[in-house]
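Participant: Here's my sequence, what's the structure:
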Amino acid sequence: MKLLLDQGLPRSAATLLNDAGIDTRHVGDLGLAEAEDAVILRKAYEDGRTVVTLDADFHMLLALSGAVLPSAIRIRDEGLRAEALVALLHLVLNECRDDVEHGAMVTVHPGRVRVHRLPVLREENGPRGDGGV
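Facilitator: Residues are numbered from 1 along each chain as shown. Next comes the predicted model:
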């Protein structure tokens, strides 16, 4: 499992996740702190990473594109410190690992997780498998 943490999530969480054996990068460390969401999704797709974000736009872009990857995990609990975010991601990944590995939009509410497998919308000729966001 490889993750890409979006802006707004603590950079120190990437270090903690890496220490726990989850290959994680933060957009700020990749020079993407101010990049458009579509650019971040493309980078995640190219690197085989799942985007972890506070931003609903990632799910919208994935749904509208018909893409099957990358997966995106939207955290609906802002202000989490690094340790709490890491603990939450461990729980979510333990529960949803198969979905995330095969392409999903995961929304994490306090006390509840929703999963939608990708692709959400299909193009006339079938889903795009090229990360077409």
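Participant: just for the protein, where's the confidence low?
Facilitator: Confidence mapping of the chain against pLDDT under 70 gives the ranges 121-133.
Participant: Which single helix of it contains the most residues?
Facilitator: Taking DSSP state H as the criterion, the chain has its longest helix at helix 82-102.
Participant: Now the element after that one, going C-ward?
Facilitator: Next along the chain after helix 82-102, taking DSSP states H and E as the criterion, comes strand 104-109.
Participant: Direction included, what does the next helix-or-strand element following that next one pair against?
Facilitator: Counting by DSSP H and E, the element after strand 104-109 in chain order, helix or strand, is strand 112-117. Paired neighbours of strand 112-117 in the sheet (DSSP bridges): strand 104-109 (antiparallel).
Participant: any idea of the angle the strand it pairs with forms with helix 82-102?
Facilitator: 150 degrees (axes from the mean of the first three to the mean of the last three CA atoms, to 10 degrees).
Participant: List the buried residues of the longest helix of the chain.
Facilitator: Using 16 or more other CB atoms under 10 Å as the test for burial, helix 82-102 gives 82, 85-86, 88-89, 92-93, 96, 99-100. Where you see a C-beta, it was placed from the backbone N, CA and C, and this is true even at glycine.
Participant: and the residue most central in space within the chain, what does it touch?
Facilitator: Nearest to the geometric centre of the chain sits Val51, at 2.2 Å (CA atoms, centre = their mean). With contact set as CB atoms under 8 Å, 6 or more residues apart in numbering, Val51 has these partners: 3-4, 6, 40-41, 44, 58, 70-73.
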